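[1] Curious how this folds, go ahead:
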Amino acid sequence: MATQKIDPKKLEEAASKLRAIAHPMRIAIIGLLEKKEQMNVTDLYKALKIEQASASHHLSILKTKGVLDSRRSGKNTYYFLKHEALTTIIDCINRCH
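    Below you'll find the predicted structure:
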């Protein structure tokens, strides 16, 4: 069996994405966005019963790691899942079993 070289940069990137989605609040955000397709920060923090700053923090992490994207509409920013990115992460995890 040939051994594959481990690329530390790719390993850190994968670990970083997994850490981003592993937090219970971020899992809850992903769950809400799976049901509603898109929500603004106000809708999210009210639904999760958390502070607005906390919701914004978690949304920023998910967006930075490529799990979410956003679009502006007037004064509101609406967040939505990047399904392709999530599918890739889940497929990768499933191959690890």
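[2] From now on I want contacts and neighbour counts done on CA atoms only, so please keep to that.
    OK.
[3] can you count the residues close to Ala45?
    Rather than Ala, residue 45 is Tyr. For Tyr45, the neighbour count with other Cα atoms under 10 Å is 18.
[4] For this structure, which segments are assigned as helices?
    Assigned by DSSP state H, the chain shows helices spanning 8-22, 24-36, 41-48, 52-64, 83-95.
[5] got the contact list for the third one?
    Contacts of helix 41-48 with the rest of the structure, by Cα atoms under 8 Å, 6 or more residues apart in numbering, involve 28-29, 32, 51-52, 54-56, 77-79.
[6] Kindly report the same for the fourth one.
    Contacts with helix 52-64, where a contact means Cα under 8 Å, 6+ apart, come from 20-21, 25-26, 41-42, 44-45, 68-70.
[7] Buried residues in the worst-scoring helix or strand of the chain on mean pLDDT, which are they?
    Ranked by mean pLDDT, DSSP states H and E, the weakest helix or strand in the chain is helix 83-95, scoring a mean of 78. Buried residues in helix 83-95, counting neighbours by 16 or more other Cα atoms under 10 Å, are found at 86, 89.
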